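> structure, please.
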Amino acid sequence: MVKYKVLIVDDDENICNLLRLYLEKEGFETVLAFDGAKAVELFEKEKPHIVLLDIMLPVLDGWQVCREIRKNSNCPLIMLTAKGETFDKVLGLELGADDYIVKPFEAKEVVARVRAVLRRSAAPEVSSQKEVHLDNLDINLSNYELKVKGELISTPPKELELLYHLASNPNVMFSRDQLLDEVWGFDYCGESRTIDVHIKRIREKIDGASDKWELRTVWARGYKFVTND
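A predicted model of the protein is given here:
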């Protein structure tokens, strides 16, 4: 049985130790970092399965740490923050966070969120071969690859799952709530704004690649992947 390793990053040692206590009680292995630079160092050294990352950190803040991690890794990442404003949540998602938890929080909730994100990130590993091939677009959920015009594009797991779900159901309109249920899962505690953020990032990767398909917004309703076939 895999023993998942969690990198906990927070400058408040009491919070780190509390999370460590709860996570280790549930069978997780933990590594602690109290500043952003140490977090980046330990991420490279320890190769954790998931990161719990505070935003307000010394040396490098959480945004910078997230950027550094996302340069070379799609490791699941949950932001821990006292900032509950929509802007901060959206920024975290745009930088590649998989979820966010606003302080103060219950340690049991954090453990539940960690399990939920790990389940979602592991799903492609057990799924049967899933591929979509269109003009200048190749989506492979089996080996987790996205190619646009033949070029391999680094894509976080949830973006790829969302794009695959839409492209494998061409010309079908999905509401934001449907996409949250069908891609993120019923246990996801986030909000529908999450979909808009991920769609924006996907479009930055695929828009203009072909005139034979389009990721289209259905005004006030949701999204659909339109093909000419």
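> the strands in the chain, which residues?
For the chain, applying DSSP state E gives strands covering 5-9, 29-33, 50-54, 77-81, 99-102, 131-134, 137-140, 145-148, 151-153, 174-175, 213-218, 222-227.
> hmm, who's touching the third one?
For strand 50-54, the external contacting residues (CB atoms under 8 Å, 6 or more residues apart in numbering) are 4-12, 15, 19, 39, 43, 62, 65-66, 69, 75-81, 97, 110, 114, 117-118, 121. Placement of C-beta: from N, CA and C, glycine included.
> one more time with 7 Å, if that's ok
4, 6-11, 19, 43, 62, 65-66, 69, 75-81, 110, 114, 117-118 (CB atoms under 7 Å, 6 or more residues apart in numbering).
> buried among the residues you listed? Make that a PyMOL selection.
Remark: buried members of those, expressed as a PyMOL selection using 16 or more other CB atoms under 10 Å:
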select buried, resi 4+6+7+8+9+10+19+43+62+65+66+69+75+76+77+78+79+80+81+110+114+117+118
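> how many neighbours does Glu46 have?
The local packing of Glu46 (other CB atoms under 10 Å) involves 15 other residues.
> kindly apply the preceding question to Lys38 instead.
Quick note: Lys38 (other CB under 10 Å) scores 17 neighbours.
> do the one 4 residues further on as well
For Leu42, the count of nearby residues is 18 (other CB under 10 Å).
> and the helix of greatest length in the chain with strand 5-9, angle?
Selection of the longest helix in the chain by residue count, based on DSSP state H, yields helix 107-126. Orientation check (axes from the mean of the first three to the mean of the last three CA atoms, to 10 degrees): helix 107-126 against strand 5-9 gives 130 degrees.
> what's helix 107-126 packed up against?
When contacts are defined as 3 or more CB pairs under 7 Å, 6 or more residues apart in numbering; DSSP states H and E, helix 107-126 packs onto helix 13-25, strand 50-54, strand 77-81, strand 99-102.
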